[in-house]
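J.: What follows is a predicted protein model with its sequence.
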Amino acid sequence: MWRTTRLKFLAAQPITNGLGEAGAHETPQWPRYVRTTDIADSRRLRDDTWKSLPPDIAGKALLRPGDLLMTAAGATIGKSYLHSGTDPACYAGYLVRFRANDQVDPRFVAYWTESRPYWDQISTGAVRSTIDNFSAGKYRNMTLSLPPLAEQRRIADFLDAQTARIDTLRGLRQRQLNLVREKLTARAAELTGRVRIREERGSAFTVQLRRALESTQTGLTPPSLHHMNDGGRTESQLPWYTPAALDEWLTLSPADKATSAAAGIPLFQGGSVLITGIGESLGKVAYLNHTATGNQQLTALKPARTVNAKFIAWQLWSAKSEIREWAQYSRIRIINNDTLKAFPTYLPSRRVQDSVAGALDVHLTRVRAVHAATEKFEQLAVERRQALITAAVTGQFDVSTASGRNVTEGISV
């Protein structure tokens, strides 16, 4: 028989926050320090970030296999992670730990944190301030429907199998997209001459980037910025871009902010190539087809009239890793305009440039189609996954006889 209870009555120890951020270091030999940003999904931590604490501090908040972490503040509020590793780990102050008592399968509670009833309670109970907040006390008083322990285990086993199938399909789709991306990058490097330069076979057509440019212009942050007009921009209104607007396909997301054209405001001319010259996004490239401006991290390269701007954009796009190696590195990566203009560039005849740019634009159209299909599939898979979990943890069907196909059909690759 199912019963409604509060989370605090299912805990072996009080549901509490972890340690503060002070003392965290990039030292993997110490116990891992799990932060809100480290949580990739309910069963996995990100591998690209690692912070740790000295053992004497970490011992105050060590995790055990089966401990469930839930985020209590910020953009990831409500996100959860079920710890299964045996390596020492501790958790940050914006994370809340739930340790199940012997009447609860922690996997069942972890799946419940992915269900619609859980997220409904998160959205209605979060306190809106400078950052969203959902206290440990609120987590303690969250309600859920709980079946007997044996049924919890059956449900968790069923969901382990079904969600693994869905996640495998998602992984295959993502792998397909990664392969077409890699193919486009390799094709761009080949056609734009980057392979020749790397192999030192293109000396006859290799020049410094400055030889292909008419001008360069670095942006700034003007004293007055405003949101773009809902009715579209006027002639005196310049879209103002930051590196965040540069996507992975040479295009720009719509500008959120704008400034008025005035003396001292740098102009990025249409037909320019935008490149990020500082920070972690150094080397991001986009083609600009309209007049605009941007912040100090962006530089607009205006190609000479005899040069195809798209050809230059594609070449720099395929050479991102080379540009990052070309940059100076102190506390942050940076490449000034003089250094950038000395970057070795393959510059064949205009006829070849036009042909290459056109071929790569066609190739990009196909890649974008795969990307759009992958995004649509991902959205559908996530929706179906949550629907399946919600139905199972709320007792809408008997997992002993259900296959889950009625929920997961339509998302096969």
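T.: Received, thanks. Residues are numbered from 1 along each chain as shown.

J.: low pLDDT regions in the chain?
T.: Counting by pLDDT under 70, the ranges of the chain that qualify are 19-31, 47-61, 127-132, 201-203, 229-236, 329-331, 402-413.

J.: can you give me the helices for it?
T.: Along the chain, the stretches classed as helices by DSSP state H are 55-58, 106-112, 116-125, 136-140, 149-191, 194-198, 309-318, 320-326, 337-341, 350-393, 405-408.

J.: Report all helices and strands that the longest one contacts.
T.: What that stands for is helix 350-393. Under the contact criterion of 3 or more Cβ pairs under 8 Å, 6 or more residues apart in numbering; DSSP states H and E, the helices and strands touching helix 350-393 comprise helix 106-112, helix 116-125, helix 149-191, helix 309-318, helix 405-408. (Each C-beta comes from the backbone N, C-alpha and C, glycine too.)

J.: out of those, nearest to Val285?
T.: Using Cβ to Cβ as the criterion, the shortest distance between Val285 and these is 4.4 Å, found for helix 309-318.

J.: Quick check: which helices or strands does the closest one pack against?
T.: Helix 309-318 is packed against helix 149-191, strand 272-276, strand 285-288, strand 298-303, strand 344-346, helix 350-393, with contacts defined by 3+ Cβ pairs under 8 Å, 6+ apart.

J.: thinking again about what came up before, and the helices of the chain, which is most packed in?
T.: Using mean count of other Cβ atoms under 10 Å, the stretch among the helices of the chain with the largest mean neighbour count is helix 309-318, at a mean of 26.

J.: Figure out how far it is from the centre of its chain.
T.: Per Cα atoms, centre = their mean, to the nearest Å, the displacement of helix 309-318 from the mean C-alpha position of its chain is 24 Å.

J.: export the helices of the chain to JSON lines and tack on distance to Gln208?
T.: Putting the helices of the chain into JSON lines (distance: least, Cβ to Cβ, whole Å) gives the following:
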{"stretch": "helix 55-58", "distance to Gln208": "52"}
{"stretch": "helix 106-112", "distance to Gln208": "56"}
{"stretch": "helix 116-125", "distance to Gln208": "55"}
{"stretch": "helix 136-140", "distance to Gln208": "59"}
{"stretch": "helix 149-191", "distance to Gln208": "19"}
{"stretch": "helix 194-198", "distance to Gln208": "12"}
{"stretch": "helix 309-318", "distance to Gln208": "13"}
{"stretch": "helix 320-326", "distance to Gln208": "12"}
{"stretch": "helix 337-341", "distance to Gln208": "6"}
{"stretch": "helix 350-393", "distance to Gln208": "17"}
{"stretch": "helix 405-408", "distance to Gln208": "56"}
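
J.: Let me know which of those is the nearest to Thr276.
T.: Taking Cβ to Cβ as the criterion, helix 320-326 is the member of the helices of the chain that comes nearest to Thr276, at 9.5 Å.

J.: The closest one: how far from the chain's middle?
T.: Computed by Cα atoms, centre = their mean, the chain-centroid distance of helix 320-326 equals 21 Å.

J.: now stretch 168-176
T.: Stretch 168-176 has its C-alpha centroid displaced from the chain centroid by 17 Å (Cα atoms, centre = their mean).

J.: picking that back up, of all the helices of the chain, which lies closest to Pro254?
T.: Shortest distance between Pro254 and the helices of the chain, using Cβ to Cβ, is found for helix 350-393: 16.8 Å.

J.: ok now that closest one, how far from the chain's centre?
T.: Distance of helix 350-393 from its chain centroid, counting by Cα atoms, centre = their mean, is 15 Å.

J.: thinking again about what came up before, of the helices of the chain, which is nearest Arg97?
T.: Distances from Arg97 to each of these were compared using Cβ to Cβ; the shortest belongs to helix 136-140, at 8.8 Å.

J.: need the helices and strands packed on helix 309-318 in CSV with distance to Ile197, can you?
T.: Below are those laid out as CSV (distance: least, Cβ to Cβ, whole Å):
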stretch, distance to Ile197
helix 149-191, 9
strand 272-276, 17
strand 285-288, 17
strand 298-303, 18
strand 344-346, 6
helix 350-393, 14
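
J.: Ok, which of these comes nearest Gln217?
T.: Taking Cβ to Cβ as the measure, those were each checked against Gln217, and strand 298-303 came out nearest at 4.7 Å.

J.: between the helices of the chain, which one is nearest to Pro243?
T.: Put simply, out of the helices of the chain the one that sits nearest Pro243 is helix 320-326, at 12.7 Å, with distance taken as Cβ to Cβ.

J.: In a markdown table: the helices and strands packed on helix 350-393, plus distance to Thr206.
T.: Output for the helices and strands packed on helix 350-393, formatted as a markdown table (distance: least, Cβ to Cβ, whole Å):
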| stretch | distance to Thr206 |
| --- | --- |
| helix 106-112 | 56 |
| helix 116-125 | 56 |
| helix 149-191 | 14 |
| helix 309-318 | 11 |
| helix 405-408 | 53 |
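
J.: Only alpha carbons, please: show stretch 337-356 as CSV.
T.: Written as CSV, here are the backbone C-alpha positions of stretch 337-356 (Å, rounded to 0.1, in the frame of the first residue of the first chain):
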residue,chain,number,x,y,z
ASN,A,337,45.5,42.6,-32.9
ASP,A,338,49.1,42.8,-33.9
THR,A,339,49.7,39.2,-32.9
LEU,A,340,46.5,38.1,-34.6
LYS,A,341,47.4,39.8,-37.8
ALA,A,342,50.6,37.8,-37.9
PHE,A,343,48.7,34.5,-37.9
PRO,A,344,49.8,32.4,-40.9
THR,A,345,46.9,32.3,-43.4
TYR,A,346,46.4,30.3,-46.6
LEU,A,347,45.2,32.7,-49.3
PRO,A,348,44.7,31.1,-52.8
SER,A,349,43.0,32.9,-55.7
ARG,A,350,39.7,34.5,-55.3
ARG,A,351,38.1,31.9,-57.6
VAL,A,352,39.2,29.2,-55.2
GLN,A,353,38.1,31.1,-52.2
ASP,A,354,34.6,31.6,-53.6
SER,A,355,34.4,27.9,-54.5
VAL,A,356,35.5,26.7,-51.0
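
J.: next one: it to chain centre, how far?
T.: The gap between the average C-alpha position of stretch 337-356 and the chain average comes to 31 Å, counting by Cα atoms, centre = their mean.

J.: Would you mind listing the outside residues contacting that stretch?
T.: Outside stretch 337-356, the residues that touch it by Cβ atoms under 8 Å, 6 or more residues apart in numbering are 191-194, 196-197, 202, 205-213, 216, 218, 275, 277, 299, 306-308, 311-312, 314-315, 319, 322-323, 326-328.
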